[in-house]
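# Prediction below, plus the sequence it came from.
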Amino acid sequence: MSDNVWVSVRGVDKVFVRGSESIHVLERLSLEVRQGEFLALMGPSGSGKTTLLNLIGGLDRPTSGEIEVGGERLDGMSERRLAAWRARQVGLVFQLYHLMTALTAERNVELPLLLSPLNRLERRQHVATALALVGLKDRARHYPSQLSGGEQQRVGIARAIVTDPVLLLCDEPTGDLDRKSGDEILGLLQALNREHGKTIVMVTHDPHASARAGRTLYLNKGRLSAEMPE
């Protein structure tokens with residue numbers, strides 16, 4: 001991997017088999033993301049954006065090709081090693097928050113730390129720091145039902161950064177929010193990128209959101225381009 005390249009996808013194919021049909025979602029796709037970059041991925045529904053995000057995050061495996069993140073090859077890792085790597089290196093932010101409704105904001109944020117060697121006090125300190133970073137220090141003991149959509153997404157981002165990962169993968173993080181809340185979330189992601197050095201790959205269908213990124217690539221028919229397809 002060349003200097004400062006944190007994510008390297010080389011000649012990746014992804015094929016899903018459904019019955020007798022083979023669906024080629026990604027074809028010989030290559031991508032490099034530099035450490036500290038904020039990249040937006042755009043493309044029509046079904047173009048493979050989320051599939052590519054899942055491959056970079058070690059949530060899925062390529063049919064062929066190589067994926068390297070932070071100097072480690074993912075495509076050859078065992079499931080156990082891959083899970084441990086993902087817990088250390090990657091924060092995931094989803095469109096639909098995926099918060100546990102029976103847990104407070106601080107307990108939701110704490111979840112990724114429960115399998116870590118940190119003791120209870122250390123976990124609480126990490127949680128408090130993460131919630132402060134997303135501006136929810138005073139909402140720590142509120143339940144998801146007591147929070148707005150934008151606040152719930154902030155809890156989701158706090159959960160993603162509580163382990164201090166280098167890489168944040170965001171799948172339509174503003175897709176379920178109104179414009180004002182969405183702008184606040186995009187501003188938060190920019191701050192995490194610029195002020196805290198997080199490398200961010202964000203899938204979005206919204207040009208307003210992609211404009212906040214440092215670079216935008218378009219995925220169409222399994223291939224990446226720097227230009228929007230006609």
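Great, that's in hand.
# Please name the strands paired to the least confident helix or strand in the chain by mean pLDDT in the sheet, noting orientation.
Ranked by mean pLDDT, DSSP states H and E, the weakest helix or strand in the chain is strand 223-225, scoring a mean of 86. With DSSP bridges as the test, strand 223-225 is paired with strand 215-220 (antiparallel).
# Surely residue 118 is in a strand?
No - using DSSP: H, G, I helix; E, B strand; the rest coil, the secondary structure at residue 118 is coil, not a strand.
# give the contact list for it.
By C-beta atoms under 8 Å, 6 or more residues apart in numbering, residue 118 lies in contact with residue 126. Every residue, glycine included, has its C-beta placed from N, CA and C.
# Name the nearest residue to residue 94, ignoring sequence neighbours.
residue 171 (5.6 Å; C-beta to C-beta, 6 or more residues apart in numbering).
# Check the gap between the one you found and residue 197 for me.
Distance from residue 171 to residue 197, counting by C-beta to C-beta, to the nearest Å: 21 Å.
# Would you quantify the distance from the residue nearest the centre of the chain to residue 204?
The centroid of the chain falls nearest to residue 169 when counting by C-alpha atoms, centre = their mean (1.3 Å). Relative to residue 204, residue 169 is positioned 12 Å away (criterion: C-beta to C-beta).
# List the buried residues in the top helix by length along the chain.
Secondary structure of the chain per DSSP state H: the longest helix is helix 179-196. Residues 181-186, 188-189, 192-193 are the ones in helix 179-196 that count as buried (16 or more other C-beta atoms under 10 Å).
# what does the average pLDDT come to for that helix?
The predicted model assigns helix 179-196 a mean pLDDT of 94.
# That helix - contacts with which helices or strands?
strand 38-42, helix 149-161, strand 167-171, strand 199-203, helix 207-210 (3 or more C-beta pairs under 8 Å, 6 or more residues apart in numbering; DSSP states H and E).
# Before I go, just wanted to say thanks for your time.
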